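Novice: Could you work out the structure for the sequence below:
(chains A and B)
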Amino acid sequence: MSTEEKKNSQISLDSEILSPSTENEVSEIVREIYSKQLPIEITGTGTKKSFGYNLQTAKKLSLSKLSGIIDYKKEELYIKVKAGTLIQDIEKILDENNQELAFEPIDFGYMINGQSNKGTIGGYVACNFAGSRRFKVGSVRDHILGFKGVNGKGDIIKSGGTVVKNVTGYDLSKLISGSFGTLVVLTEITLKVSPKKQSQITVIVYSDEIKKISNLFDKILSSSNEVSAATFIPEEPSHKNYEHTKNKIFKFNDLDQEGSFLAFRIEGDKRSIDERFKELKIELDLSNFKSSILDVHQSIPFWKKVNNLELFSGTKNNILRAVMPPAKCEAFNKFLNKNYKYYIDWCGSLFWIEVIDKDDEKINKIKKFVVENSGYLTIIKKSENFDFQDTLFTIDNTRLMISKKIKESFDPKKLFNPGRMYREL
Amino acid sequence: MTELALPKIDKKTISRKDQIVSHLKKFTKDENVLSENEEIKPYETDGLAAYKQTPLAVVLPENTKEVSEILKFCNQENIKVIPRGAGTGLSGGALPLQDAILLGLGKFNKILEIDFENKCVVTQPGVTNLGITHAVQHKGYYYAPDPSSQLACSIGGNVAENSGGVHSLKYGTTTNNILGVEMVMMDGTITRIGGKTLDQEGYDLLGLVCGSEGLLGVITEVTVKILRKPQSVRAALIGFPTVEDGGNCVSDIISSGIVPAGMEMMDKALIDATDKFSKAGYPKDAEVLMIVELDGTKSEVDGLLNKVSEIAKKNNSNSMKLSNNEKERLAFWSGRKAAFPACGAMAPDYYCMDGSIPRGKLSLILKEINELSKKYNLAVANAFHAGDGNLHPLIMFDGSDKEQLRKTEEFGAEILKACVKHGGALTGEHGVGIEKRELMCESFNNDDIQQQLNIKNSLDEKNLLNPGKVYPILRKCAEEGRVHVHRGEEKFPDLPRF
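Specialist: Predicted coordinates:
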């Protein structure tokens, strides 16, 4: 940009928070910071600020003004929105049309400060953390049909579109999902939407026996009866530094509060639910367990609580997220049981763990177990004044080397969220 | 055959052929390196048989280490490499170059691990798509993506092309059904992406590689998810008096909240052609015919099938059959699955197109295709994966008439441009390859394409891995050829194509 052009530019980098309201403004800002080599932190509503390393950039690029629904085609099963659009606004319009985001966006607000705050769709896509239905319907990335965004040089780029079948060029929608804002500033996202199921029930199976729990998860995963969510909520450890919230959070008429339990959800029309429940009772040998059923009015709020990490509501402690191969569920469950406050989602694959200690030792021990058992672990919340020395995300050297090259192809000067995910990116 | 711009030929490489061949023999057994004309001829083309080119040599490594050493050597020596699975691809993605080594993965044909506990199969890339299902079906499992060539196409090729199939409406395409890969980069680096967990941390390299058409790395191992077979599968065969009625019915079914396992459509020309060919007993009075397949538990399927028939009646359906057993269901499909050979019997040649459109534009695009058919004076028959808006128009022509060939190509390009104009995509499942390469600028501008090229460049600096595919060489929009079948001499005439 020539001196004359700079003078005429509408974009000023004077303020600490830059809030563009159009895609072109985003592009202009990025061109400016590119020429000045000025790294930025990309933010939405800040609900996921605790994920990854803290950033020390002088400037922030807020996408909060880049919000609104661009195009919603119910019959085509897609919604196109600006990246800063609040998830609750998207869910509201979908709900009015009896549709939903099948990946069940997690409300991290409870964990952050005890209040609901789902944040923006851009932030959510950047994390790729899907909710309870993940093992059945895919992750956030499986629901992104296309996007537009601005790369590290200020070029506006797009990939994908609005149709489900599209193999034109590299599938960049996948690549930007879970990139923690280190590749592009998202400006527009097209999401696949799904019809809502008519009804649902949740079956509660009471058991403290870890082997039996794994066995149940395996049978659910093997069943053709389409269970859409399955969780294990263990009894909390007696340690005084853990806040005992289980019985307060999971307070339902038909839920017995004593001991640990496994819960699974069946969705569909009433006839289909009845039929599948009948078959599952046999498949899972439920006559050998104490069990109860949450009707639709209890089932919906139950899964909101599971999905929104309400067990950790307002916690000051560290929160870890680990994903394991299903066959390792039993061993990891044993490892954690009675020692940590945790629960298992995704039918035995996803572990949310609260760690109280302010030293690296315990976290490193958990991390070692996860990695040795072919899983991965992310520290998504650090307790105050806790500087974890090891990496917050897991990765091997070859993938890191490839990731560096990918990063450079989008953002050669490392301006976007530098070091947020990995210090090298 | 239309002239096709290809990457500049490196004469130095060609002149070093003997030396290169003997060097390749250091990495793998002598018999795995083919260089005589009669040995390499079978590799001169893939499923897009209109284009042929023998490579410099063919190498058929047996393990990942050999692949790594071969790629490292080629990278150091600036030799182009074309990866190839079963060679069934319809967009020319495995078309050799005369100065390139063709790297065939045919010897990677073993299933390495069947892991029912983790609901996955670890396999070498040369195993066929259907081979995976065969390995797990005794316990009631299957691998969901089902491209029509599943009997012959390899799972490695499926990953490269992100293959779909009739049931991708409900079960997704390859990218939604794989958990991990082992891949060798052009510089010989071996990397593992994903594994047996859901998702992965860091950049979604699995998502990037899937559908990258062999441009970013060579897949040497794939971990796929397996699913339990649904308890009940039933289908409806529904005829409509007008294209609009059929199109509206598709939209209404989706809007009502039903997600069928598959929803296929055929136009009048194809109904007539396939019925003559396969004796499927399709209704004669239908302008469009639809097959809607539903799966799930028994009462659920029965209930949904009733709903579908109500919706169809509201949309003026003039014939309807519901399958009551597996034999009837397969009979519904028999005509649809014979669509390609039926067209082969109707004209000396046909071009198979592959585009995507929003479902709601089905009748509009059919009308436009029929108008184009009149404009070019060429017959066309249409098959759709209607549920996900993926269309396969089949243009019939006589390739011995050069003018007709030229017109056919123009016709095909106009169809794909119309798909993009209506908010769709250039290719739904066959890939870009060389076939739609020059049409890429219909969908993407220079900045979009440059970003993709930057990724390619970052992982393959010298542009040696499958060069000349996917991205326009001159970055201009020219019309090129499609799947060209001459006198039924399709590369894989026995494979059903739908």
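
Novice: Would you pull up the residue in chain B closest to chain A?
Specialist: At 2.3 Å from chain A, B:Gly207 is the closest residue in chain B, using Cβ to the nearest Cβ. Where you see a C-beta, it was placed from the backbone N, CA and C, and this is true even at glycine.

Novice: The nearest residue in space to that residue that is not next to it in sequence: what's it in contact with?
Specialist: Once flanking residues are discounted, B:Gly207 sits nearest to A:Lys174: 2.3 Å by Cβ to Cβ, 6 or more residues apart in numbering or on different chains. Neighbouring residues of A:Lys174 by Cβ atoms under 8 Å, 6 or more residues apart in numbering or on different chains: A:Arg141, A:Ile144, B:Thr175, B:Asp204, B:Leu206, B:Gly207, B:Leu208, B:Cys210.

Novice: In which helix or strand does the residue of chain B closest to chain A reside?
Specialist: Using DSSP states H and E, the element containing B:Gly207 is helix B:205-209.

Novice: Excluding its own residues, what touches whichever helix or strand comes after that helix? List them.
Specialist: Next helix or strand after helix B:205-209 toward the C-terminus (DSSP H and E): strand B:218-225. Residues from elsewhere that reach strand B:218-225, judged by Cβ under 8 Å, 6+ apart: B:63-64, B:67, B:71, B:81, B:83, B:103, B:105, B:108, B:112, B:119-125, B:132, B:143-144, B:155-156, B:159-160, B:177-184, B:190, B:194-196, B:209, B:465.

Novice: hmm, try it at 6 Å
Specialist: Strand B:218-225 has contacts (Cβ atoms under 6 Å, 6 or more residues apart in numbering or on different chains) with B:64, B:67, B:83, B:120-123, B:125, B:143, B:155-156, B:159, B:177-184.

Novice: And that strand, what's buried?
Specialist: B:Val218, B:Ile219, B:Thr220, B:Glu221, B:Val222, B:Thr223, B:Val224, B:Lys225 (16 or more other Cβ atoms under 10 Å in any protein chain shown).

Novice: Helix, strand or coil: sort out the residue positioned nearest the centre of chain A for me.
Specialist: Residue closest to the mean C-alpha point of chain A, counted by Cα atoms, centre = their mean, is A:Phe129 at 2.0 Å. Recorded secondary structure, A:Phe129: coil (DSSP: H, G, I helix; E, B strand; the rest coil).

Novice: Could you pull up the residues touching the closest residue to it other than its chain neighbours?
Specialist: Leaving aside its chain neighbours, A:Phe129 sits nearest to A:Ile106 (5.9 Å; criterion: Cβ to Cβ, 6+ apart). Going by Cβ under 6 Å, 6+ apart, A:Ile106 touches A:Phe129, A:Gly131, A:Asn307.

Novice: out of those, which one sits closest to chain B?
Specialist: Nearest to chain B among these, with distances taken as Cβ to the nearest Cβ, is A:Phe129, at 8.7 Å.

Novice: Could you pull up phi and psi at the closest one?
Specialist: Per-residue torsions, A:Phe129: phi -100, psi 100 (degrees, to the nearest 10).

Novice: try the one 10 residues further on
Specialist: Comment: the main-chain dihedrals of A:Ser139 come out as phi -90, psi -170, following degrees, to the nearest 10.

Novice: hmm, back to that, got a markdown table for the contacts of A:Ile106, with pLDDT and distance to B:Lys268 too?
Specialist: Listed next are the contacts of A:Ile106 as a markdown table, based on pLDDT from 0 to 100; distance: Cβ to Cβ, whole Å:
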| residue | pLDDT | distance to B:Lys268 |
| --- | --- | --- |
| A:Phe129 | 95 | 49 |
| A:Gly131 | 97 | 46 |
| A:Asn307 | 96 | 49 |
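
Novice: Put together CSV for these, with distance to B:Cys419 on each row.
Specialist: Listed next are the contacts of A:Ile106 as CSV, based on distance: Cβ to Cβ, whole Å:
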residue, distance to B:Cys419
A:Phe129, 34
A:Gly131, 34
A:Asn307, 38
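
Novice: Secondary structure element for the residue nearest to A:Phe129, which one?
Specialist: Using DSSP H and E, no element contains A:Ile106; it sits outside every helix and strand.

Novice: Please tell me how far it sits from chain B.
Specialist: 13 Å (Cβ to the nearest Cβ, to the nearest Å).

Novice: Now B:Thr28: which helix or strand?
Specialist: Judged by DSSP H and E, B:Thr28 forms part of no helix or strand.

Novice: returning to what we had before: and the residue nearest to B:Gly207, its phi and psi?
Specialist: phi -70, psi -50.

Novice: what does B:Ala381 give?
Specialist: On the backbone of B:Ala381 - angles per degrees, to the nearest 10 - the values are phi -120, psi 140.

Novice: Bridge partners for it, pull those for me.
Specialist: Beta-bridge partners for B:Ala381, by DSSP bridges, are B:Leu394.

Novice: which residues does it contact?
Specialist: B:Ala381 sits next to B:Ala269, B:Leu270, B:Ala273, B:Cys343, B:Leu394 when contact means Cβ under 6 Å, 6+ apart.

Novice: returning to what we had before: now flag whichever of the contacts of A:Lys174 is closest to A:Asp95.
Specialist: A:Ile144 (20.2 Å; Cβ to Cβ).

Novice: Which residues does the longest helix belonging to chain B contact?
Specialist: For chain B, the helix with the greatest residue count under DSSP state H is helix B:402-421. With Cβ under 6 Å, 6+ apart as the test, helix B:402-421 has contacts from B:351, B:353, B:355, B:357, B:368-369, B:372, B:376, B:378, B:393, B:395, B:397-399, B:426, B:439, B:442-443, B:479, B:481-482.

Novice: Now, those that are in strands?
Specialist: B:Tyr351, B:Gly355, B:Pro393, B:Ile395, B:Phe397 (DSSP state E).

Novice: Including distance to B:Glu310, could those go into a markdown table?
Specialist: Formatted as a markdown table, the ones in strands among the contacts of helix B:402-421 follow (distance: Cβ to Cβ, whole Å):
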| residue | distance to B:Glu310 |
| --- | --- |
| B:Tyr351 | 38 |
| B:Gly355 | 31 |
| B:Pro393 | 30 |
| B:Ile395 | 36 |
| B:Phe397 | 41 |
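
Novice: Check the residues you listed and tell me the two furthest apart.
Specialist: Across the ones in strands among the contacts of helix B:402-421, the longest distance by Cβ to Cβ is 18.3 Å; it joins B:Gly355 and B:Phe397.

Novice: Work out the gap between the longest helix of chain B and the centre of the chain.
Specialist: Distance of helix B:402-421 from the chain centroid (Cα atoms, centre = their mean, to the nearest Å) equals 19 Å.
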